[in-house]
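S.K.: The sequence isn't on hand, but the structure is:
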Ligand SMILES: NC(=O)CC[C@H](N)C(=O)O
C-alpha cells in the first residue's frame, strides 16, 4: 500500500488500498458486499447550510448499482428557498470520492456526499457546491493556479457547571485537562471527522471560557489542513455534522453561533488560503510574502465589505466584529497580528532547522517549509454557508489579479501594529470599517455584485436572494440597539444558536 495511506482513518481507504480521490463505483460496490454493509446514505447541503440525509437499505445488488449509477430525485423547493414548488424536482448524484463509513449509524452504513443536477442533467447552476466549483475554475482560468483552503472551526461546548479545577475566565487557550473539561470530547470528534475523510491539522481548547450558575461554556477549535477548496468546504460540512452528533450522543450541547455572550470571545470560522502551481505553494518569494499573495490580499481588501454578506449571515454575527476580542473590525492586513482582517501567520520562513537544534541525536530534517505559508481571512463565522463563503473568497482573490492597482491597495491597507491600542488611533481612523449589520452587508453586496457575477460564478438570481435575505433582518445599527437591552440580545442568541 502507498505509504501515505498507511495511517488513513477512512475504512474504505484502508480496505480498498487507494486514496479516496480514486474511488470508483465498482470499489464502493465491492466494499459494501465484502463488509456486510446494510445501508447507504446520501448527504447534501440544504439552503440552511446543513447536511441533509437520504437513507437506502441495500438488499439487492441491482438496486445498489442503480442508486450509485443514477442517484435519486429530491424536492428542491423544500431544500432551497430559491426553487419554485411548481418545478422543483432535482437529482442528487453521489460523489464516490467522498465515501465513508458513518461513525454514528447503528447499522453499518456507507455515506456519500452528493451534487445537485437539474432536469436537463446539468449541474444545478445555483447550488452552493457548484458555485464554489465555478469560482475555483474561474480562479484557475485567470491565474493559472489552484485555489486551496482550510477552515478553523470554533465552537462552544456547553455542559453542567463543575466546581473542581475551574477554568480561568477568557483564558482557555490550549488549556489542558482537568482545567479544560472537554478535551476527550474534542478528540473523539477529531477521530470521527478523520474517519469521514477529514484532513485535520490539530484541535485545542480556545480562549472563550465562562460559566453562569448552571452551565459551563468552553470554547474549542478544530483546524484543518489546506486542500483543494471544494474538498475544504466538504470537510467543514462533515465536521459540523460530526461535532453536533457527538455532542448529542454525549449529553452535551454545542454551538457554532458567532456570539453567545457580550464581552466574551465569539466563535469565528477563519479561512486560510494558499495558491498552488505545479504542486508548489506560491505564497512566498525569497522568504517573504510574494507579489502573488499580495495581489490576492488586495482583492480581499477591495471586496471585504461584501464578503461579510457570505460570511456573517445573521444579526448576531455583528456582535462578534468588535474590538479586543481577536475579531476584525476594520479593513486591513498584517503579519501575525490578530486585530487585522487578513493575517499572514508565521510560516516557517526563517529557513532554520529548529528541530535539529534541540534534537542533536536525529539527522537534520530537509523539510520544504515554504508549503506551509497561508493567509487567513478572519471575518467569517459559523453562520456562513461554507460553499458560498469559500466561493466568495476565491472570487476576491481572483479579483486581486484583475485589479490594476492591486499592489498599491495592498500597500495602503497594510498595518504592522495592534490597531486597537491607543497609540495607533490615527492609523485606525484611516482604515475603512467592516459592515455593522446584515442590512449594511446587503448594501455592500449590491454595490459590488458585478465582480461575483463575472464568469457566471454567482447567478444574478442567487445574489438577489442573498441580498433579500440579509435585508429582511432589518437589523440596521444592531449593536447600539441591543447594547442596553440584554433581553433582546439573548432572544437573538437563542434564535440563531444552531445557525449554519
Ligand atoms: N485565536 C483566535 O484567533 C480567536 C479568534 C476569535 N475567537 C474570533 O472570534 O475570531
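M.R.: That came through, no problem. In this text, all values refer to a predicted model and were calculated from it rather than measured experimentally.

S.K.: contacts for stretch 465-483?
M.R.: 81-82, 309-310, 313-315, 318-319, 322, 388, 436-442, 445-446, 449, 488-489, 492 (Cβ atoms under 8 Å, 6 or more residues apart in numbering). Glycine gets a C-beta too; all of them are placed from N, C-alpha and C.

S.K.: measure that stretch end to end?
M.R.: The straight-line separation of the ends of stretch 465-483 (Cα to Cα, to the nearest Å) is 30 Å.

S.K.: returning to that earlier point: which ones among the contacts of stretch 465-483 map onto helices?
M.R.: Residues of the contacts of stretch 465-483 located in helices (DSSP state H): 309-310, 318-319, 388, 438-442, 445-446, 449, 488-489, 492.

S.K.: Quick check: which element contains residue 254?
M.R.: If you go by DSSP states H and E, residue 254 is part of strand 253-255.

S.K.: helices or strands next to the helix or strand where residue 41 lies in the packing?
M.R.: Element membership for residue 41 (DSSP H and E) is strand 39-45. The contact analysis (3 or more Cβ pairs under 8 Å, 6 or more residues apart in numbering; DSSP states H and E) places strand 39-45 against strand 51-57, helix 61-70, strand 89-94, strand 109-117, helix 128-143.

S.K.: who does the helix or strand following the last one pair up with?
M.R.: What it means is helix 128-143. Next helix or strand after helix 128-143 toward the C-terminus (DSSP H and E): strand 146-160. Applying DSSP bridges to the sheet, strand 146-160 is found paired with strand 215-224 (antiparallel), strand 227-228 (antiparallel), strand 253-255 (antiparallel), strand 269-277 (antiparallel).

S.K.: Report how many residues lie close to the closest residue to the ligand within the stretch 401-500 of the chain.
M.R.: Nearest residue of the stretch 401-500 of the chain to the ligand, counting by Cβ to the nearest ligand atom: residue 434, 12.3 Å away. Using other Cβ atoms under 10 Å, residue 434 is surrounded by 22 other residues.

S.K.: same check, this time on residue 482
M.R.: Residue 482: 20 surrounding residues under other Cβ under 10 Å.

S.K.: hmm, back to that, ok, residues contacting the strand holding residue 41?
M.R.: The set of residues external to strand 39-45 that reach it, using Cβ under 8 Å, 6+ apart, is 32, 51-58, 64, 67-68, 71-72, 74, 79, 92, 94, 102, 105, 107-116, 128-129, 237, 241, 385, 387.

S.K.: returning to that earlier point: pull out the buried members of the contacts of stretch 465-483.
M.R.: 82, 309-310, 313-315, 318-319, 322, 388, 436-442, 445, 449, 489, 492 (16 or more other Cβ atoms under 10 Å).

S.K.: Point out the residues in the protein that sit beside the ligand.
M.R.: Residues of the chain lying close to the ligand (Cβ under 6 Å from any ligand atom) are 154, 207, 265-268, 320, 326-327, 338, 378.

S.K.: pLDDT below threshold where in the stretch 1-150 of the chain?
M.R.: 1-2, 85-87 (pLDDT under 70).

S.K.: which one is residue 424 nearest to, not counting chain neighbours?
M.R.: residue 417 (4.9 Å; Cβ to Cβ, 6 or more residues apart in numbering).

S.K.: dump the residue contacts of that neighbour.
M.R.: Contacts of residue 417 (Cβ under 8 Å, 6+ apart): 334, 337, 424, 427.

S.K.: and the gap between it and residue 434?
M.R.: Per Cβ to Cβ, to the nearest Å, residue 417 is found 18 Å from residue 434.

S.K.: before we move on, what about residue 406?
M.R.: 20 Å.

S.K.: Likewise for residue 216?
M.R.: Taken as Cβ to Cβ, the span from residue 216 to residue 434 is 31 Å.

S.K.: got it, and residue 335?
M.R.: 20 Å.

S.K.: same thing with residue 299?
M.R.: Counting by Cβ to Cβ, the gap from residue 299 to residue 434 is 16 Å.

S.K.: Leaving out the residues flanking it, which one is nearest to residue 23?
M.R.: Counting by Cβ to Cβ, 6+ apart, the residue nearest residue 23 is residue 96, at 4.3 Å.

S.K.: no, scratch that, I was asking about residue 308
M.R.: Here the residue nearest residue 308, using Cβ to Cβ, 6+ apart, is residue 441, at 4.4 Å.

S.K.: Now do the contacts for the residue positioned nearest the centre of the chain.
M.R.: Centroid-nearest residue in the chain, with Cα atoms, centre = their mean: residue 151, separated by 4.2 Å. Residue 151 makes contact with 223-224, 232, 235-236, 239, 269-272, 386 under the criterion Cβ under 8 Å, 6+ apart.
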